[in-house]
Structure formats: C-alpha cells, structure tokens
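Enquirer: Turn this into a structure:
(one chain, ligands or ions: 4)
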Amino acid sequence: SFSYDYESYHNWDQIESWIATIANKNPNLISRLKIGQSYEGRDIYLLRVGKRTGSPKPAIFMDCGIHAREWISPAFCQWFVKEAVRTHGTDSLLDCLLNELDFLVIPVLNVDGYVYSWTEDRLWRKTRSRNFNSVCVGTDPNRNFNAQWCANGSSNNPCSDVYCGPLVESEKEVKAVADFIRNHSSIIKAYLTVHSYSQKCLFPYSYTYSLAYNHNELANLAQNAVLALQSLYGTPYTFGSGSSSLYLASGGSDDWAYDLGIKYSFTFELRDTGKYGFLLPESQIRSTCEETMLAINYIANYVLNHL
Ligand SMILES: NCCCCC[C@@H](C[SeH])C(=O)O
Ligand SMILES: [Zn+2]
Ligand SMILES: [Zn+2]
Ligand SMILES: [Zn+2]
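Expert: Numbering: from 1, shown residues only. Ligands and ions are numbered 1, 2, ... in the order given. Predicted structure coming up:
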C-alpha cells in the first residue's frame, strides 16, 4: 500500500489527498463521498468503510475534527481507516465487524478551522464563519446542533469559544452532517464523535442532568469500552453522562443524534488530561490510537449484537 505516516499530524492538503488515495486503492472496502462544503468552500468528505455485499448494512457513524485544535481526533479517524485496510482478510475483530457493519467516517468535519489551526492559531476551536456585526469569528459546531440549542453550557456571544451560532445548524459543516444523518437515520445504529482532551467516554445528556432512557445500558457500555481501552496501556479513563462527568453543554452532536433516535451515542475525549492537552505529542499518536481502537471495536461489537 502507499506510504503515509500515521504517527504524525498532517495538514488538510495531506489529509485530503490521503482520503482520495485510500479510497482509490481499496475500492472493495472504501468509498468516498462528499457530504457538503465548508464556509470557506472546502469539501467535507465521508469515507464509507465496509464490504460491499449488495444488501444495505447497519452502520456506525463516526466524525473526527469537529474542533479544530484537537489534532489527535483526525489522527484517530485516519488510524481507524488504515486498520480496516490493514486487517482486511485477517479475521481480526474489525475485519469480522466489517462483514456485517459499515463505518461512516468523517476524518475532518471542521475543515476551515483545522486549516486555521495549522496556519494561524494552533488553539482555534470553532468554525471560521464570519459573524454579523461582530469582529469575532466562528461558531462552536458542538453547540450548534438542534438539541436545546443555545441553552445552558453555551453562549450567544460570538466572541465565546462556545458560541451557539445565530441559528440552529447555522454552520454549513453542522448542516451537512445533520442532513446526512437524517437522510440515513434508518441504517445508522450508533453515533460516535471524537474529541480531545480529558480521557473520557461520555454519553447523553449534556444539555440536561436528566438521565437518558437507556442510561444504565449506556453506562455499562461506556464502562466496558473504557475497560477495553485501559487494558492495553492502563490509560485511566472516566465515563458518564456529559452533564455529570464534564459540564452542561447544549447543542451537542451526541445529544442531537440521540434524540433523533440513535440510542448508542458517545463522545470520546482522547488523551491526555492536561499535561500537553491539545498539543499531544506525535510520539503518543500510536498508543492513543491503538487503545482507542479497542474501545471503538468494543462498542461496534456490542451494537452489532443489539441491533
Ligand atoms: N455534547 C457535549 C459532549 C460533552 C462535551 C464535549 C466537549 C468536547 Se471538546 C465539548 O464540546 O465541549
Ligand atoms: Zn476483510
Ligand atoms: Zn472537542
Ligand atoms: Zn474536549
């Protein structure tokens, strides 16, 4: 296969050409879709990973790079796709899962923000949409979904890093992913969104302290996913509902997907717990991705057994 360094961070140009190449090289396992365009006109790509068996298969949706500065997130989505290719035909757990499931992977959702974090401001979080009558740029895409939009845990100040935006789904990136999920909600059985940092596995709700209707199931699943993750290097993770184990946050993608009816919905906060924070060294990409694979595979296997 073509050479690509999965243990270093890549700029958008490199990731965009990786997306094209990995799909072209593996036509029986990967197809590339464009689900929309960013505010600044860049393409937003989705990779459908799974074996073509003719019949439509249940799918797990996973997005990376909602927040620009969280570079370990796109690194993980690339790692995941690489592992699907690498283990194809080996009867690995992932290979077996891919007999029955598709993974719908968005390597970088907030492409404009990602580019900006490479070129101008490494710690940028939001989109790069221009705000009417404000000098401040961008909306927090993870406060822009239609889930108790702009309530507690978000701000209506365009200068805030948790600015909810002028309207629900005001961001083209958010609208693109929400439209895609709405249009495929019958096959999407789980929603996963990958962030950093704080080493947590979170599930709904973040917009309220009320418990999700399958809270106990989600808590057990999160606990076991975290145990699987920890089994590799002992990296300590915590888990729980977003509101209880992190903070109140309205307008989130996970809560929105959950209320749409996708009952397995998780937000992963990858390494670390603050030593490097968003600036996780490249030397930790491999171990972070390897341990996270165990959690994702665990959840996927559970979902497959609970369709
Ligand atoms: N729906 C919110 C899930 C919990 C918060 C996740 C973090 C990731 Se940086 C955030 O969006 O503040
Ligand atoms: Zn295979
Ligand atoms: Zn984030
Ligand atoms: Zn985070």
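Enquirer: Just to be sure, residue 97 is in a helix?
Expert: Yes. Looking at residue 97 with DSSP: H, G, I helix; E, B strand; the rest coil, it is inside a helix.
Enquirer: Help me confirm that it comes into contact with residue 300.
Expert: Yes. Assessed by CB atoms under 8 Å, residue 97 is found in contact with residue 300 at 5.2 Å. From N, CA and C alone the C-beta is placed, and that goes for glycine too.
Enquirer: more crowded one of those two?
Expert: For residue 97 versus residue 300, the count of surrounding residues by other CB atoms under 10 Å is larger for residue 300: 24 against 20.
Enquirer: name the element residue 114 belongs to?
Expert: Secondary structure from DSSP states H and E places residue 114 in helix 111-119.
Enquirer: how about the helix or strand that that helix is followed by: buried residues?
Expert: Once the chain leaves helix 111-119, the next helix or strand it forms, by DSSP H and E, is helix 172-183. Neighbour counts using 16 or more other CB atoms under 10 Å place 172-178, 180-181 of helix 172-183 among the buried residues.
Enquirer: Now do helix 172-183 against helix 111-119, angle only.
Expert: Relative orientation of helix 172-183 versus helix 111-119 (axes from the mean of the first three to the mean of the last three CA atoms, to 10 degrees): 140 degrees.
Enquirer: Return the helix or strand just after helix 172-183 as CSV; C-alpha atoms alone will do.
Expert: Next helix or strand after helix 172-183 toward the C-terminus (DSSP H and E): strand 188-196. Extracted as CSV, the C-alpha positions of strand 188-196 are listed here (Å, rounded to 0.1, in the frame of the first residue of the first chain):
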residue,chain,number,x,y,z
ILE,A,188,-27.2,4.4,11.4
LYS,A,189,-27.3,2.4,14.7
ALA,A,190,-24.6,4.3,16.6
TYR,A,191,-23.1,7.8,16.6
LEU,A,192,-19.5,8.4,17.7
THR,A,193,-17.8,11.7,17.9
VAL,A,194,-14.1,12.0,18.7
HIS,A,195,-12.6,14.9,20.6
SER,A,196,-9.7,15.7,22.9
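Enquirer: Pull up the pairing partners for strand 188-196, direction included.
Expert: Strand 188-196 has the following strand partners under DSSP bridges: strand 59-64 (parallel), strand 264-270 (parallel).
Enquirer: Out of the ones you listed, flag the one nearest residue 256.
Expert: strand 264-270 (8.7 Å; CB to CB).
Enquirer: anything in that closest one near ligand 1?
Expert: Yes. Judged by CB under 6 Å from any ligand atom, strand 264-270 and ligand 1 are in contact via 267, 269.
Enquirer: So is that strand next to ligand 3?
Expert: No. Strand 264-270 lies apart from ligand 3 when judged by CB under 5 Å from the ion; the minimum separation is 7.4 Å.
Enquirer: Report the mean per-residue pLDDT for that strand.
Expert: Mean pLDDT, strand 264-270: 98.
Enquirer: Restricting the selection to alpha carbons, write the helix or strand that that strand is followed by to PDB.
Expert: Downstream of strand 264-270, the next assigned helix or strand under DSSP H and E is helix 285-304. Output in PDB follows, covering the C-alpha atoms of helix 285-304 (Å, rounded to 0.1, in the frame of the first residue of the first chain):
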ATOM      1  CA  ILE A 285      -0.300   9.000  18.400                       C
ATOM      2  CA  ARG A 286       0.300   5.300  18.000                       C
ATOM      3  CA  SER A 287      -0.500   4.300  21.600                       C
ATOM      4  CA  THR A 288      -3.500   6.700  21.800                       C
ATOM      5  CA  CYS A 289      -4.900   5.300  18.600                       C
ATOM      6  CA  GLU A 290      -4.200   1.600  19.500                       C
ATOM      7  CA  GLU A 291      -6.000   1.900  22.800                       C
ATOM      8  CA  THR A 292      -8.900   3.800  21.300                       C
ATOM      9  CA  MET A 293      -9.400   1.100  18.600                       C
ATOM     10  CA  LEU A 294     -10.200  -1.300  21.500                       C
ATOM     11  CA  ALA A 295     -13.000   0.900  22.800                       C
ATOM     12  CA  ILE A 296     -14.500   1.600  19.300                       C
ATOM     13  CA  ASN A 297     -14.400  -2.100  18.400                       C
ATOM     14  CA  TYR A 298     -16.000  -3.000  21.700                       C
ATOM     15  CA  ILE A 299     -18.900  -0.600  21.100                       C
ATOM     16  CA  ALA A 300     -19.300  -1.700  17.500                       C
ATOM     17  CA  ASN A 301     -19.400  -5.300  18.500                       C
ATOM     18  CA  TYR A 302     -22.000  -4.500  21.200                       C
ATOM     19  CA  VAL A 303     -24.100  -2.600  18.700                       C
ATOM     20  CA  LEU A 304     -23.900  -5.400  16.200                       C
END
